[in-house]
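Novice: what would the 3D arrangement of this be:
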Amino acid sequence: MTIRHLKIFIAVAETGTMSGAAQRLYITQPTVSQAVAELEKHYGILLFERLSQRLYITEAGRELLSRARHIVGAFDDMETDMSNASHSKIRIGCSVSVGTVLINDLLDIAETAMPDCVFSVTVDNTSRIERSILSNEADIGIIEGIAESEELTLLPLMTDELVLICGKNHRLALSGKINFKDLEGENLISREKGSYERNQFEKLAERMGISFNRSWSCTNTEAIKNAVIKGRGIAVMSAMLIKRELEAGELVTLDLDELPIRRTVHLIHHKNKYITPAIAAFTEICKNYA
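Specialist: This is a model prediction of the structure:
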């Protein structure tokens, strides 16, 4: 069993066909079939079910796929590092709040302390950042809340709060203390599915038996803030995202008994990830900043 076997297996799993893997890797289809057969013989397991000329990955295949991605990723990282030993690269995935508020401060420190390191950043919702770590598309992630996969290692960095907000002219702005019943039927401007904020708050509302009019759903936090400022609905957002608007009086936090919800900002990586000196140094910068 070689790295080549694993790369072919990954290509088959990701394309769903032997021919698709062959086209991706610029090799023949019989070569792909032979490599998969050799892997199955080597481990004594079935990696794919072949039904009606289609391939379906087995549970054993999924287990191997997770490990193979990291083995191949580590191998490719080694090849890159050894070819360019004077430079390091860190691929960072950030959830939206972290990408909006924190990452630039962290990079300012890191780029001064680690001038030979190249940083690339992807900002997306928490669930997608988690998937990018699991598929080795990112080396580390910085997210709010808890990652779901047991394949990840979590390092707590700092705490943040989710708060309920409305515009200064909204009918609830001067209400004082409110409860969930006061929110029945309100226009809710929320993040997309997969956002930690949306999932946590809406699950809480569901347990309370409250229904919202979901008037907006978007990935852009600035769009959410602007819609709330204009009075188009209420929203739940990270407190660190709205500090400026609160100070300017454009937004009002609503005193809801069940909020704020405190959550932890974590640095995450795959538990099998090789921690390079550059990743270790950046991790220390994050811890010291927090």
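Novice: need phi/psi at Arg24.
Specialist: phi -60, psi -40 (degrees, to the nearest 10).
Novice: so Met18 touches Thr31, yeah?
Specialist: No - checked against Cβ atoms under 8 Å, the pair Met18 and Thr31 is beyond contact range at 9.5 Å. Where you see a C-beta, it was placed from the backbone N, CA and C, and this is true even at glycine.
Novice: which stretches of the stretch 51-200 of the chain have low pLDDT?
Specialist: 81-87, 192-200 (pLDDT under 70).
Novice: which of Met18 and Thr31 has more residues huddled nearby?
Specialist: Met18 (22 against 15; other Cβ atoms under 10 Å).
Novice: where does the more buried one land on pLDDT?
Specialist: On pLDDT, Met18 comes in at 90.
Novice: now do the contacts for it.
Specialist: Val12, Gln29, Val32, Ser33, Val36, Leu55 (Cβ atoms under 8 Å, 6 or more residues apart in numbering).
Novice: once you drop chain neighbours, what's closest to the last one?
Specialist: Using Cβ to Cβ, 6 or more residues apart in numbering and skipping the chain neighbours, the partner closest in space to Leu55 is Phe48 (4.5 Å).
Novice: please apply the same query to the fourth one.
Specialist: Ranked by Cβ to Cβ, 6+ apart and with sequence neighbours excluded, the top spatial neighbour of Ser33 is Met18, at 5.5 Å.
Novice: might one say that Ile71 is in contact with Leu6?
Specialist: Yes - with contact defined as Cβ under 8 Å, Ile71 counts as touching Leu6 (6.0 Å).
Novice: settle it for me: which of the two has more neighbours?
Specialist: Neighbour tally, Ile71 and Leu6, criterion other Cβ under 10 Å: the higher count belongs to Leu6, 20 against 17.
Novice: name the nearest residue to the more buried one, sequence neighbours excluded.
Specialist: Ala68 (4.3 Å).
Novice: helix or strand: which one has that neighbour?
Specialist: Per DSSP states H and E: Ala68 is located in helix 59-83.
Novice: for Lys287, list the residues it contacts.
Specialist: Leu155, Leu157.
Novice: for the one 3 residues further on, same thing?
Specialist: Contacts of Ala290 were listed using Cβ under 8 Å, 6+ apart, and they are Leu157, Met158, Val265.
Novice: what about Phe48, distance to Met1?
Specialist: Look at Phe48 and Met1: by Cβ to Cβ, to the nearest Å, they are 17 Å apart.
Novice: the two: which has the busier surroundings?
Specialist: Phe48 (19 against 12).
Novice: surely that one is in contact with Leu39?
Specialist: No - judged on Cβ under 8 Å, Phe48 makes no contact with Leu39 at a distance of 10.2 Å.
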